[in-house]
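Visitor: Okay, predicted coordinates and the sequence, questions at the end:
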Amino acid sequence: MRYPEFLKKNGTIGFVAPSYGCNIEPYKSAFRNAQGRFRKMGYRVELGPNCYEGSGIGISNTPEKCAAELQEYYCSGSNDVLISCGGGELMCEDLNYMDFDRIAAAEPKWYLGYSDNTNMTFLLTTLCDTASIYGPCAPAFGMEPWHPAIRAAFDVLTGKGLAASDVQTKKAAMVSDVQTEKAVTVSAVSAEKVLRVHGYDKYEKESLKDEEHPLLPYNVTEPRVMVRMPDQDVRMEGRLIGGCLDLLTIYLGTRFDRVQDFLEKYSGDGILWFLESCDLNPMGIRRALWQLEQAGWFKHVSGFLIGRPLCHGETLLGMDQYEAVTGILGKYGVPILMDLDIGHIPPAMPLICGSYAKVIAVGNDISIEMMLR
C-alpha cells in the first residue's frame with residue numbers, strides 16, 4: 001500500500017470539483033471561509049477551474065473537464081494534498097476519461113472526500129494501491145467553530161498525532177476492558193506508525209445551516225447509540241476499505257472492478273469493510289449488499305463498520321436498516337458494528353481507506369487505529 005506524504009506546515013492545499021462544485025449557498029460562503037481559515041493557518045491554497053462551476057449535470061462541469069481537473073491536479077507537483085469541493089450524483093461519468101495507470105505512476109497524494117467521491121477514494125485504493133481519506137469535503141472546513149470531527153480530519157491530513165504503536169497484530173478477538181481515548185491520539189512506542197480516531201457522543205438530526213447561515217457548525221442533538229452484532233465488546237482488525245454503498249455497486253461488471261485482485265493481495269490481513277449509504281432505503285441497502293456478496297467482495301472479511309444511513313430510522317415493509325444489513329452480512333460470523341459516525345449524518349470519523357486498522361468497541365465507545373503498513 002502506498003501512503004502519501006502528510007501535509008506539511010506552509011504546504012499547499014489543492015481543491016478540485018470532480019463532483020459538485022461550490023457554486024451555490026451555503027457551500028460557496030463556507031468554501032471561501034475554509035480557504036481563508038487555511039491561509040490564516042499558514043497554508044497556501046490552489047483552486048481547480050471547476051471549484052465554483054455548476055454547469056454540469058450531477059457534477060460541476062462536463063465529465064471530460066471534471067476528469068481533466070482531477071487527474072492534472074492529482075499528478076501536479078504544485079499542490080501537496082487534494083480536498084474535494086463536494087459530493088454529487090454522477091462523478092462516475094468522469095471515470096471514462098480517467099487514466100488510473102498514470103495516477104498509479106504518479107507520486108501518491110492524499111485525496112479527501114466522501115459520498116460521490118467514493119469514485120476516487122475507493123478506486124484510488126483498489127486500482128492504484130494508494131491510500132485515501134474518506135472524510136469531509138471542503139465546505140465543512142468553513143464552519144465556525146470546527147467540530148472535533150473536522151479537526152480530526154485535518155489532523156489525519158497533516159499526520160498530527162502520527163507516532164508508533166506497540167499493539168501486536170492478531171486476528172479478530174474479544175476484549176472486555178479497554179478505555180477509548182477521546183481524541184486523535186497515539187499509542188505507545190514501537191516501529192509501526194498509527195493514527196487513531198474515535199466516535200462522538202452526539203450526532204446531527206437536523207442541520208441549521210442554510211443560505212443565510214452558511215458557517216454554522218453541526219447541530220448535534222441526538223445521542224449516538226452503537227448497535228452491535230453480536231451484542232458484546234469486540235476487537236477486530238484488517239485492511240480497511242469501503243465507501244458509499246450507492247456507488248460501490250455500480251462498479252460490478254465494469255473495468256473498474258478489480259476488487260478480487262485487491263482482496264487476494266491482502267487476504268492475509270483480513271478485510272474490514274466500512275459502508276454507509278445516501279439515497280438507498282432499507283430495501284435498497286439489502287439489495288446492494290446482496291449484489292456485493294454475489295460478486296464475492298466479502299471474501300476474507302474480518303468485520304463490518306456500518307455508518308448511519310441517510311434513511312436512519314425508516315422502516316419499509318416491516319424491515320429496518322439493521323435487518324437490511326444483518327440479513328445479508330450476519331452469515332459471515334464476524335462482528336458487525338452499526339450506526340457508527342461514518343458518512344452522511346454528521347459528525348463522521350475520517351477513515352484512511354487502504355490502511356491496516358484495529359477496531360476496539362467497548363460499550364458505546366469505538367476507537368479505530370489506522371496503521372500505515
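Guide: Cool, got the structure. Residues are numbered from 1 along each chain as shown.
Visitor: quick one: stretch 237-246 to chain centroid distance?
Guide: Per Cα atoms, centre = their mean, to the nearest Å, the displacement of stretch 237-246 from the mean C-alpha position of its chain is 8 Å.
Visitor: Now that stretch: buried residues?
Guide: If you call a residue buried by 16 or more other Cβ atoms under 10 Å, then stretch 237-246 has these buried ones: 237-246. Glycine gets a C-beta too; all of them are placed from N, C-alpha and C.
Visitor: ok, what's across the strand from residue 84?
Guide: residue 16 (DSSP bridges).
Visitor: hang on, isn't it packed against residue 118?
Guide: No - with contact defined as Cβ atoms under 8 Å, residue 84 does not reach residue 118; the gap is 10.7 Å.
Visitor: Okay, now the unreliable bits of the chain?
Guide: Across the chain, the ranges flagged by pLDDT under 70 are 163-191.
Visitor: which residues in it form helices?
Guide: Using DSSP state H, the helices found in the chain span residues 27-40, 63-75, 100-105, 118-128, 148-158, 245-248, 259-265, 282-294, 321-329.
Visitor: can you redo those as a markdown table with distance to residue 229?
Guide: Output for those, formatted as a markdown table (distance: least, Cβ to Cβ, whole Å):
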| stretch | distance to residue 229 |
| --- | --- |
| helix 27-40 | 37 |
| helix 63-75 | 38 |
| helix 100-105 | 36 |
| helix 118-128 | 24 |
| helix 148-158 | 25 |
| helix 245-248 | 18 |
| helix 259-265 | 23 |
| helix 282-294 | 14 |
| helix 321-329 | 6 |
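Visitor: wait, which of these is closest to residue 208?
Guide: helix 27-40 (13.1 Å; Cβ to Cβ).
Visitor: what does the closest one rub up against?
Guide: 13, 15, 20, 22, 45, 47, 51-52, 85-86, 138-144, 209, 214-215 (Cβ atoms under 8 Å, 6 or more residues apart in numbering).
Visitor: May I have stretch 109-123 exported as PDB, CA atoms only?
Guide: Provided in PDB are the C-alpha atoms of stretch 109-123 (Å, rounded to 0.1, in the frame of the first residue of the first chain):
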ATOM      1  CA  LYS A 109      -1.100  12.300  -2.800                       C
ATOM      2  CA  TRP A 110      -3.800  12.400  -0.100                       C
ATOM      3  CA  TYR A 111      -7.300  12.800  -1.500                       C
ATOM      4  CA  LEU A 112     -10.000  13.700   0.900                       C
ATOM      5  CA  GLY A 113     -13.800  13.500   0.300                       C
ATOM      6  CA  TYR A 114     -16.800  11.300   0.800                       C
ATOM      7  CA  SER A 115     -20.100  10.300  -0.800                       C
ATOM      8  CA  ASP A 116     -19.800  10.600  -4.600                       C
ATOM      9  CA  ASN A 117     -16.100  10.900  -4.000                       C
ATOM     10  CA  THR A 118     -16.100   7.200  -3.400                       C
ATOM     11  CA  ASN A 119     -15.400   7.200  -7.200                       C
ATOM     12  CA  MET A 120     -11.900   8.400  -6.300                       C
ATOM     13  CA  THR A 121     -11.200   7.200  -2.700                       C
ATOM     14  CA  PHE A 122     -12.200   3.600  -3.300                       C
ATOM     15  CA  LEU A 123     -10.700   3.300  -6.800                       C
END
